[in-house]
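Colleague: sequence and predicted structure below; questions after.
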Amino acid sequence: MHRNLTPHFPQIKSPIMSHFLTIPAATVLLLFLITAASSSADPSETAALRAFKSSVKPASIPPSSCLATWNFSFDPCAAPRVTHFTCGVTCAAGRVVQLTLDSQGYSGTLTPLISQLSQLVTLDVGENDFHGPIPASIASLPNLRNLILRVNSFSGALPASIAAAKSLTTLDLARNSISGALPDLSPLESLTRLDLSYNKLTGALPRLPPNLNELALKSNSLSGQLTKSSFSELTHLMVLELAENSLSGAIPSWLFLLPSLQQIDLAKNGITSVSVAAPNSNSELVAVDLSYNKLEGNLPEEFADYAALRSLALSYNKLRGPIPWQYSRKGSTLRRLYLDGNYLNGSPPQGLFSGGGQVSGSLGDNCLRRCPAASELCLKSQKPASICQQAYGGKPKPKPKPKS
């Protein structure tokens with residue numbers, strides 16, 4: 001059964017309206033939309049757009065670009081747009097609701113007067129060459145849902161006032177030069193995606209927005225340990241990307257129990273230990289990468305109990321002992337296993353080499369015995385015996401003296 005989406009117009013006894021209502025409903029709706037789209041822009045918003053363009057170096061505006069069509073002799077919201085304001089600005093009922101620039105290498109600063117676009121929903125100037133600080137006034141935009149400034153040269157601290165932009169759902173500032181500590185972002189209860197990767201952020205993780213689906217802070221200089229106060233409310237978090245930072249200490253067991261978590265990437269930090277709890281029955285964890293840390297101890301056999309886990313990378317740590325037989329038991333979902341660059345010993349479970357090569361990855365550069373050379377997993381050679389003896393507290397055998 002289909003819903004009737006045709007607009008309902010009440011009966012009006014005016015002769016003019018009676019004649020008007022003889023026009024098909026679809027035509028009436030179209031005329032209404034054209035009228036709304038043709039509304040004149042608010043003067044303060046026109047001034048804000050003018051200031052925005054004036055903050056961009058003219059030499060960086062190519063003739064074929066969106067900004068080149070911004071001619072303020074014409075109304076920014078007038079329709080049809082044939083020669084002026086052909087792109088970059090979207091209006092609704094005479095108010096600017098979207099400012100989305102093309103990636104042309106525009107160079108300039110972001111004017112604080114952007115705050116005069118009070119109905120703005122999306123601000124996207126990604127993949128250009130904007131620089132300078134992010135204006136604190138952006139936080140005063142009550143309807144801003146998407147703030148996308150990725151791949152520019154913005155610098156300075158992330159304004160603490162950004163936490164007042166309560167409507168934000170996407171905050172993407174990746175690949176800039178933003179520095180300093182992250183402010184408390186927990187008031188951003190609508191935020192589902194936060195990407196501040198490839199910046200210069202320092203300090204510990206603060207309290208995080210409670211409804212995040214994706215948290216990406218890769219390649220900064222964040223330090224300290226993972227604390228429950230930062231993550232306890234993140235029941236919707238699916239992707240955690242904290243690789244290439246300076247995080248230390250232990251990875252706590254509660255992290256793997258976040259109910260929606262699917263991907264964890266903590267590679268290239270300074271983490272020294274990991275604790276893995278038995279999974280919840282509905283665990284969705286698919287991929288874990290803890291490579292290039294300082295992990296010590298044995299491989300956690302509990303990873304084998306995560307029913308959805310397909311990829312596990314623990315390469316280049318200081319792990320010892322045998323590879324748990326559970327990693328190869330019947331019904332295991334593991335398809336990618338990277339354990340190379342540790343001090344694992346004993347014989348690898350034969351189940352890893354059966355099943356027509358279902359498991360790919362590497363077990364090389366360890367202290368394993370009888371790693372089948374015909375398997376892709378064993379293509380990389382093992383450590384020299386002398387290094388393995390030292391790792392396990394033994395003394396390497398002295399080299400034989402040359403015969404005289």
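Modeller: Right, received. Where do you want to start? Numbers count the residues shown, from 1 in each chain.
Colleague: the closest residue to Ala287 other than its chain neighbours - how many residues pack around it?
Modeller: Leaving aside its sequence neighbours, Ala287 sits nearest to Ser311 (CB to CB, 6 or more residues apart in numbering; 4.1 Å). All C-beta spots, glycine's among them, are computed from the backbone N, C-alpha and C. As a burial measure, Ser311 scores 17 neighbours (other CB atoms under 10 Å).
Colleague: equivalent analysis for Pro76, please.
Modeller: Neighbour number of Pro76 under other CB under 10 Å is 23.
Colleague: quick one: pLDDT of it?
Modeller: As predicted, Pro76 sits at a pLDDT of 95.
Colleague: check what pLDDT the residue nearest to Ala287 gets.
Modeller: 98.
Colleague: ditto for Val82
Modeller: Looking at Val82, its pLDDT is 82.
Colleague: so which residues of the stretch 151-300 of the chain form helices?
Modeller: Under the criterion DSSP state H, counting those that start in this stretch, the stretch 151-300 of the chain carries helices at the ranges 228-231.
Colleague: buried residues of stretch 99-117, list them for me.
Modeller: Residues of stretch 99-117 classed as buried: 99-102, 104, 106-117 (neighbour count, 16 or more other CB atoms under 10 Å).
Colleague: inside helices: which ones of those residues?
Modeller: Using DSSP state H, no member of the buried residues of stretch 99-117 sits in helices.
Colleague: on that earlier part again, got the contact list for the residue nearest to Ala287?
Modeller: 286-289, 334-337 (CB atoms under 8 Å, 6 or more residues apart in numbering).
Colleague: cool, and Leu212?
Modeller: The contact partners of Leu212, by CB under 8 Å, 6+ apart, come to 191-194, 234, 236-237.
Colleague: so who does the closest residue to Gly321 other than its chain neighbours touch?
Modeller: Among residues not flanking Gly321 along the chain, Asn298 sits closest, at 4.0 Å (CB to CB, 6+ apart). Counting by CB under 8 Å, 6+ apart, Asn298 touches 319-322.
Colleague: which of these count as buried?
Modeller: Neighbour counting with 16+ other CB under 10 Å marks 319-320 as buried within the contacts of Asn298.
Colleague: what bridges to the residue nearest the centre of the chain?
Modeller: The centroid of the chain falls nearest to Ala216 when counting by CA atoms, centre = their mean (3.7 Å). Beta-bridge pairing of Ala216 under DSSP bridges involves Asp195, Glu241.
Colleague: just the pLDDT for it.
Modeller: Ala216 is given a pLDDT of 98.
Colleague: and if you look at Asp42?
Modeller: 89.
Colleague: ok, now Pro58?
Modeller: 97.
Colleague: same thing with Pro400?
Modeller: Value for Pro400, per-residue pLDDT: 54.
Colleague: so where's the stretch 151-300 of the chain uncertain?
Modeller: Along the stretch 151-300 of the chain, no part satisfies pLDDT under 70.
Colleague: what does the stretch 1-150 of the chain give?
Modeller: Residue ranges of the stretch 1-150 of the chain with pLDDT under 70: 1-39.
Colleague: now the helices for it?
Modeller: All helices of the stretch 1-150 of the chain, identified by DSSP H, counting those that start in this stretch, fall at 15-20, 25-37, 43-54.
Colleague: which strands and helices sit next to the last one?
Modeller: I take that to be helix 43-54. With contacts defined as 3 or more CB pairs under 8 Å, 6 or more residues apart in numbering; DSSP states H and E, the packing partners of helix 43-54 are strand 95-100.
Colleague: what residues does the strand it packs on touch?
Modeller: Residues from elsewhere that reach strand 95-100, judged by CB under 8 Å, 6+ apart: 41-42, 45, 48-49, 52, 76-77, 88-91, 114, 117-125, 143.
Colleague: ok, Thr90 - contacts?
Modeller: Applying CB under 8 Å, 6+ apart, one finds that Thr90 lies in contact with 96-100.
Colleague: most neighbours among the contacts of Leu212, which one?
Modeller: Neighbour counts for those, by other CB under 10 Å, peak at Leu191, which reaches 28 neighbours.
Colleague: shouldn't Cys388 be in contact with Tyr343?
Modeller: Yes: Cys388 lies in contact with Tyr343 (CB atoms under 8 Å); the separation is 6.8 Å.
Colleague: find residues that contact each of the two.
Modeller: Common neighbours of Cys388 and Tyr343 (criterion: CB under 8 Å, 6+ apart): Cys367.
Colleague: ok, back up a step: make a markdown table out of the contacts of Asn298 and add secondary structure and distance to Leu261.
Modeller: Output for the contacts of Asn298, formatted as a markdown table (DSSP: H, G, I helix; E, B strand; the rest coil; distance: CB to CB, whole Å):
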| residue | secondary structure | distance to Leu261 |
| --- | --- | --- |
| Leu319 | strand | 22 |
| Arg320 | strand | 27 |
| Gly321 | strand | 27 |
| Pro322 | coil | 28 |
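Colleague: could I get the contacts of Asn298 as CSV with distance to Ser221 and pLDDT?
Modeller: Converted to CSV, the contacts of Asn298 look like this (distance: CB to CB, whole Å; pLDDT from 0 to 100):
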residue, distance to Ser221, pLDDT
Leu319, 26, 98
Arg320, 30, 97
Gly321, 33, 97
Pro322, 36, 97
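Colleague: reformat the contacts of Asn298 as JSON lines; add distance to Ser167.
Modeller: Listed next are the contacts of Asn298 as JSON lines, based on distance: CB to CB, whole Å:
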{"residue": "Leu319", "distance to Ser167": "45"}
{"residue": "Arg320", "distance to Ser167": "51"}
{"residue": "Gly321", "distance to Ser167": "51"}
{"residue": "Pro322", "distance to Ser167": "53"}
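Colleague: for the stretch 1-150 of the chain, which segments count as strands?
Modeller: For the stretch 1-150 of the chain, strands defined by DSSP state E, counting those that start in this stretch occupy the ranges 89-92, 95-100, 107-108, 122-124, 129-132, 146-148.
Colleague: kindly export stretch 314-329 (C-alpha atoms) in PDB.
Modeller: Below are the C-alpha coordinates for stretch 314-329, written out as PDB (Å, rounded to 0.1, in the frame of the first residue of the first chain):
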ATOM      1  CA  LEU A 314      50.400  -8.100  16.400                       C
ATOM      2  CA  SER A 315      53.600  -7.700  14.300                       C
ATOM      3  CA  TYR A 316      56.800  -6.300  15.700                       C
ATOM      4  CA  ASN A 317      56.200  -6.400  19.400                       C
ATOM      5  CA  LYS A 318      58.100  -8.400  22.100                       C
ATOM      6  CA  LEU A 319      55.600 -11.200  22.400                       C
ATOM      7  CA  ARG A 320      56.900 -14.700  23.500                       C
ATOM      8  CA  GLY A 321      55.700 -18.200  23.900                       C
ATOM      9  CA  PRO A 322      53.800 -20.400  21.500                       C
ATOM     10  CA  ILE A 323      51.000 -19.500  19.100                       C
ATOM     11  CA  PRO A 324      47.700 -20.600  20.800                       C
ATOM     12  CA  TRP A 325      46.200 -23.600  19.200                       C
ATOM     13  CA  GLN A 326      42.800 -21.900  19.500                       C
ATOM     14  CA  TYR A 327      43.900 -19.600  16.600                       C
ATOM     15  CA  SER A 328      43.500 -22.500  14.200                       C
ATOM     16  CA  ARG A 329      40.700 -24.500  15.700                       C
END
